[in-house]
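Participant: Quick one: sequence plus predicted model below, questions after.
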Amino acid sequence: MTKVRVRFAPSPTGALHIGGVRTALYNYLFAKKCGGDMLLRIEDTDSARFVPGAEAYIIESLNWLGIKIDEGVGVGGSHAPYRQSERKEIYLQYVNQLLDGGLAYKAFDTPEQLEVKRTEIKNFQYDASTRGQMINSLTLPKKELEKRIADGEPFVVRIKIEPDEDITVHDLIRGDVTINSSIVDDKVLYKSSDGLPTYHMANIVDDHLMEISHVIRGEEWLPSAPLHVLLYKYLGWENSMPQFAHLPLLLKPEGNGKLSKRDGDKLGFPVFPLDWNDPKSGEKSSGYREAGYFPEAVVNFLALLGWHPGGEQELFSLQELIDSFSLDRVSKSGAKFDYEKAKWFNHKYLQAKTNEEVAALFLNEHPFTDNSQAFIAKVVTVVGMVKERVNFVSELWEQTSFFFEAPTTYDEKTVKKRWKEDSPALMQELITVLEGIEDFSVSNSEEVVMNWITQKEYNTGAVMNAFRLAVVGEGKGPHMFDITSLIGKEETITRLKRAIETIK
RNA sequence: GGUGCGUUCCUCUAACGGUUAGGAGAUCGGUUUCUCAAUCCGACAAUGGCAGUUCGAUUCUGCUACGCACUACCA
């Protein structure tokens, strides 16, 4: 049994899409489950689409999520280099091998000529049935062929596919998938113009040389998997061919189709792990990290989008995911992206943290001038009162600002509903009551105030709601006396006085 | 158009021939409370269709419908 080695092989063409993140995650989970290695290879054979910074972005994303790379770009390893643009000579050697073996040929058709063919012939495909009419080393007279090559005329190398053969790909998720070779075209493997292979060639050569045991990738690759199998065969690597697993796609939350960046913009949720400013298009995209997600929550959410270990557990640590992961429990159909559930996961992870941990995160995100022990202790208490009602640390300030700052305005709707004609008088009387309290603790102040309300036969709601409005500025927040005992007697009375003066 | 893959509640999914088809999110209702939330409780709601195999099909087979992917000198 050879060692499990998987790879994540993105193209540095922009931010790493969340679907790509999931592919990386599944590769990682599988590798770790099997005690294998996870490689990172950068597939930058398309220089036209290269975007500076994309590679660093990919690495930073994986780091943030806790997906550790054992070997590859950024960490090195015994199969270096791991950037395809740095492996030109390697590919050329195998391209020549195919050429020499008559399994590939050189084609000189220009993109324009191909375009003409495509419009001329319905469903044109460059294959056994049409290559005879095209300009290539199979059709050109020997002299002319030599001349074109001597002149340095650009050409591409195409794989020569024999028609009418059944090719079977064994997929770990879908079982055997068989297609006829007649429907696969003579794919371009190499371009003399830049001396680089195309995806298909580079991918097979690298997977073989890097001793990849399992190719786990998105379903969009399933149609070209037979071509890849053929390439392994042509190169004489059939016996060491990796196993394939094609993952279901991540779909739009609404309607049909693959999840795209546009969906995120439209529906207001990130489709990228990290914020990204595209240097080419100038577009800005938001990421999960900056939106306030915990990496563990994103990992947990993503892991369950297209895979489930059975049972009814929903919350899994990365280690638990590794322990229970298996490819045969990956579902076959695409999964719609459910942003509400993503928030729920974050909520769960936030609740699982201690008040101290959450307070530290809050303090980090919302710095205060006071950093005394006493103040931090106050923040911890405040956080403990409200954390269960938020999904994100970033929502904490909105829930707690009144603990730290007196309201400057009073919510209009609440004023209308809670501030009645007798409210100023009631609050004035409440001030007197509060002034008489020595022990301003939650239980004692509550007892005193409630006794006063009962004795005077006031309406509890009328008093408390006006009280809340005066102290908080609107009709929200934790238990009233939790608030007042924390901000203190003096501050409470100040706020009451101010409300009486201000609210009309 | 061609080829391939897929199809269980609104969404993610469980049940790998025998269950009242389960859980979670969302939604709705209730509980609670001085408020907003949260909590807790409850409700809601599905095997795309038609055949076949079988004592019995969500599960196996075929057809059909629908969806998706691919169909570049992009990955």
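Facilitator: Cool, got the structure.

Participant: wait, does the worst-scoring helix or strand of chain A on mean pLDDT contact RNA strand B?
Facilitator: One helix or strand of chain A scores below all others by mean pLDDT, DSSP states H and E: helix A:261-267, with a mean of 86. No - Helix A:261-267 lies apart from RNA strand B when judged by CB under 7 Å from any atom of the strand; the minimum separation is 11.5 Å. Every C-beta, even on glycine, is put in place using the N, C-alpha and C of the backbone.

Participant: Give me the pLDDT for the closest residue to residue A:304 other than its chain neighbours.
Facilitator: Spatial nearest neighbour of residue A:304, excluding adjacent residues (CB to CB, 6 or more residues apart in numbering): residue A:314 at 7.1 Å. On the pLDDT scale, residue A:314 is placed at 94.

Participant: Ok, residue A:355 next?
Facilitator: 96.

Participant: Spell out the secondary structure type for the closest residue to it other than its chain neighbours.
Facilitator: Of all residues not flanking residue A:355 in the chain, residue A:384 sits nearest, at 4.0 Å (CB to CB, 6+ apart). Using DSSP: H, G, I helix; E, B strand; the rest coil, the structure places residue A:384 in helix.

Participant: From RNA strand B, how far off is residue A:384?
Facilitator: Distance, residue A:384 to RNA strand B, by CB to the nearest atom of the strand, to the nearest Å: 12 Å.

Participant: is it true that that residue touches residue A:357?
Facilitator: No - between residue A:384 and residue A:357 there is no contact under CB atoms under 8 Å: 11.2 Å.

Participant: quick revisit: dump the least confident helix or strand of chain A to PDB, restricted to CA.
Facilitator: Output in PDB follows, covering the C-alpha atoms of helix A:261-267 (Å, rounded to 0.1, in the frame of the first residue of the first chain):
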ATOM      1  CA  LYS A 261     -18.900  35.800  -6.600                       C
ATOM      2  CA  ARG A 262     -22.000  37.700  -8.000                       C
ATOM      3  CA  ASP A 263     -24.300  35.600  -5.700                       C
ATOM      4  CA  GLY A 264     -22.400  36.800  -2.700                       C
ATOM      5  CA  ASP A 265     -22.600  40.400  -3.700                       C
ATOM      6  CA  LYS A 266     -26.300  40.100  -4.500                       C
ATOM      7  CA  LEU A 267     -27.300  38.200  -1.400                       C
END
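
Participant: who does the helix or strand following that helix pair up with?
Facilitator: Moving toward the C-terminus from helix A:261-267, the next helix or strand (DSSP states H and E) is strand A:276-277. The strands beside strand A:276-277 in its sheet (DSSP bridges) come out as strand A:284-285 (antiparallel).

Participant: helices and strands around the helix or strand just after the partner strand, which ones?
Facilitator: Of the helices and strands lying after strand A:284-285 in sequence (DSSP H and E), the nearest is helix A:295-303. Packing partners of helix A:295-303 (3 or more CB pairs under 8 Å, 6 or more residues apart in numbering; DSSP states H and E): helix A:18-33, helix A:54-65, helix A:318-324, helix A:339-351.

Participant: quick one: average pLDDT of the shortest one?
Facilitator: So the one you mean is helix A:318-324. For helix A:318-324, the per-residue pLDDT averages 97.

Participant: what do you get for the longest one?
Facilitator: Averaging pLDDT along helix A:18-33 yields 97.

Participant: Would that helix count as contacting RNA strand B?
Facilitator: No - shown here: helix A:18-33 not in contact with RNA strand B (CB under 7 Å from any atom of the strand), separated by at least 9.2 Å.

Participant: which residues sit against the very next helix or strand once past that helix?
Facilitator: Next along the chain after helix A:18-33, taking DSSP H and E as the criterion, comes strand A:37-40. Strand A:37-40 has contacts (CB atoms under 8 Å, 6 or more residues apart in numbering) with A:3-9, A:27-28, A:31-32, A:58-59, A:62, A:67-75, A:77, A:79, A:82, A:210, A:212.

Participant: Same check on stretch A:449-461?
Facilitator: A:426, A:430, A:433, A:434, A:463, A:481.

Participant: can you narrow those residues to ones near RNA strand B?
Facilitator: Okay, of those touching RNA strand B (CB under 7 Å from any atom of the strand), that's residue A:481.

Participant: check contacts around the nearest residue to residue A:477 once chain neighbours are set aside.
Facilitator: Distance criterion CB to CB, 6+ apart; nearest residue to residue A:477, sequence neighbours excluded, is residue A:483 at 6.1 Å. By CB under 8 Å, 6+ apart, the residues touching residue A:483 are A:402, A:403, A:471, A:472, A:477.

Participant: Up against RNA strand B, what does the stretch 201-350 of chain A have?
Facilitator: A:219-224, A:248-249, A:251, A:253, A:256-258, A:304-308, A:310-312, A:314, A:329, A:331-336, A:338, A:340-341, A:343-344.

Participant: So which of those residues sit within strands?
Facilitator: The strands, defined by DSSP state E, take in A:251, A:335, A:336 from these.

Participant: about what we covered before: tell me the secondary structure for the residue nearest to residue A:477?
Facilitator: What three-state DSSP gives for residue A:483 is helix.

Participant: pLDDT score assigned to it?
Facilitator: Value for residue A:483, per-residue pLDDT: 96.

Participant: again with residue A:397
Facilitator: The model's pLDDT for residue A:397 equals 95.

Participant: thinking it is in contact with residue A:368, fair?
Facilitator: No - the pair residue A:397 / residue A:368 is not scored as a contact, 10.6 Å apart, by CB under 8 Å.

Participant: So for residue A:256, what's the pLDDT?
Facilitator: Note for residue A:256: predicted pLDDT of 79.

Participant: Count the neighbours of it for me.
Facilitator: For residue A:256, the count of nearby residues is 8 (other CB atoms under 10 Å).

Participant: give me every residue that touches it.
Facilitator: Going by CB under 8 Å, 6+ apart, the list of residues near residue A:256 is empty.

Participant: who in the stretch 51-200 of chain A is up against RNA strand B?
Facilitator: With the criterion set to CB under 7 Å from any atom of the strand, the stretch 51-200 of chain A comes near RNA strand B through A:109-111, A:114, A:118, A:123, A:125-126, A:154, A:156, A:174-175, A:177-180, A:183, A:185, A:188, A:191, A:193, A:196, A:198-199.

Participant: Where do the domain boundaries of chain A fall?
Facilitator: As given by automatic domain parsing, the domain ranges for chain A are A:1-73+A:248-352, A:87-247, A:353-404, A:412-502.

Participant: how about the nearest residue to residue A:157, chain neighbours excluded?
Facilitator: Nearest non-adjacent residue to residue A:157, counting by CB to CB, 6+ apart: residue A:190, 4.1 Å away.

Participant: what's the answer for residue A:21, then?
Facilitator: residue A:273 (5.5 Å).

Participant: Give me the neighbour count for that neighbour.
Facilitator: The burial count for residue A:273: 28, using other CB under 10 Å.

Participant: got it, and residue A:179?
Facilitator: 18.

Participant: same deal with the one 5 residues further on?
Facilitator: Burial of residue A:184, expressed as a neighbour count using other CB under 10 Å, amounts to 20.

Participant: With residue A:127 instead?
Facilitator: With other CB under 10 Å as criterion, residue A:127 counts 19.

Participant: Likewise for residue A:285?
Facilitator: Close neighbours of residue A:285, defined as other CB under 10 Å, add up to 18.

Participant: residue contacts, it?
Facilitator: A:15, A:261, A:264, A:265, A:270, A:271, A:272, A:275, A:276, A:277, A:278.

Participant: now residue A:150
Facilitator: The contact partners of residue A:150, taken as CB under 8 Å, 6+ apart, number zero.

Participant: cool, residue A:359 as well?
Facilitator: Contacts of residue A:359 (CB under 8 Å, 6+ apart): A:376, A:379, A:380, A:382, A:383.

Participant: Thanks a lot, see you next time.
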